[in-house]
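Colleague: only the shape, not the letters, is given here:
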């Protein structure tokens, strides 16, 4: 009985150490990726604007910054197309992707240079559906646009899905400049930890996405 207790204690201790190390690494990754430059040096076939909240027919301030950054990359020739992602939490309202598309067209982006997916409800689904669009339209390279604190999780998920990408955050970001910036970083650290644990569980099962 004593040996069983000692073994349980050892396993519990190792689990705690693992989680603490994972949290530290995740926090470092979130901080590191939050320092990405606004304008990448390399060109790409398209920019992927990850979805964010839409207020009716209008993008939220955070989503508007992402869209505007994508438009900037399109205008300066860094990307040839824009991909907007995101569904809608309520029936009868336009999807995040549709709101992004309308905003971009209104600001001079040609409709033929815009691709959308309207089914996703999470970052992982944003990217998984984007991967399908890339394959369908033979898009080989992309720049993923999101907020600084969100970038590490977006990168981890894109890599999990086999998407080769560069990453760029809009300057300045409401996430970075907000009085609640630390809250965003803590939240993203937790989410990244949970995603890494999900990856580990998937690997142990030998599963695929």
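Modeller: Looks like it arrived, so ask away. The model shown is predicted, which means the values in this text are computed figures rather than measured ones.

Colleague: mind listing the strands for the protein?
Modeller: Under the criterion DSSP state E, the chain carries strands at the ranges 44-49, 54-55, 58-59, 79-85, 114-117, 142-145, 165-168.

Colleague: the last one pairs with which strands?
Modeller: When you say that, I think you mean strand 165-168. Next to strand 165-168 in the sheet, as set by DSSP bridges, lie strand 142-145 (parallel).

Colleague: go on, the first one?
Modeller: According to DSSP bridges, the neighbouring strands of strand 44-49, each with its direction, are strand 79-85 (parallel), strand 142-145 (parallel).

Colleague: quickly, which of the strands of the chain bottoms out on average pLDDT?
Modeller: Looking at those, the lowest mean pLDDT belongs to strand 54-55 (a mean of 86).

Colleague: and stretch 104-123, which residues are buried?
Modeller: 104, 109, 114-118, 120, 123 (16 or more other C-beta atoms under 10 Å). C-betas here are computed from N, CA, C, even on glycine.

Colleague: residue 84: which of these is nearest?
Modeller: Comparing these against residue 84 with C-beta to C-beta picks out residue 116 as the nearest, at 4.9 Å.

Colleague: what number of residues lie near the nearest residue to that closest one once chain neighbours are set aside?
Modeller: Residue nearest to residue 116 in three dimensions, not counting chain neighbours: residue 97, with 4.0 Å by C-beta to C-beta, 6 or more residues apart in numbering. Applying other C-beta atoms under 10 Å, we find 26 residues neighbouring residue 97.

Colleague: which residues touch residue 97?
Modeller: By C-beta atoms under 8 Å, 6 or more residues apart in numbering, the contact list for residue 97 reads 51, 84-87, 116-118.

Colleague: where does pLDDT dip in this structure?
Modeller: Counting by pLDDT under 70, the chain contains low-confidence residues at 1-3, 5-10, 36-39, 172-180, 207-209.

Colleague: from residue 188, how far off is residue 32?
Modeller: Noted for residue 32: a distance of 12 Å to residue 188, by C-beta to C-beta, to the nearest Å.

Colleague: so for the two, which sits in the more crowded spot?
Modeller: Neighbour tally, residue 32 and residue 188, criterion other C-beta under 10 Å: the higher count belongs to residue 188, 26 against 12.
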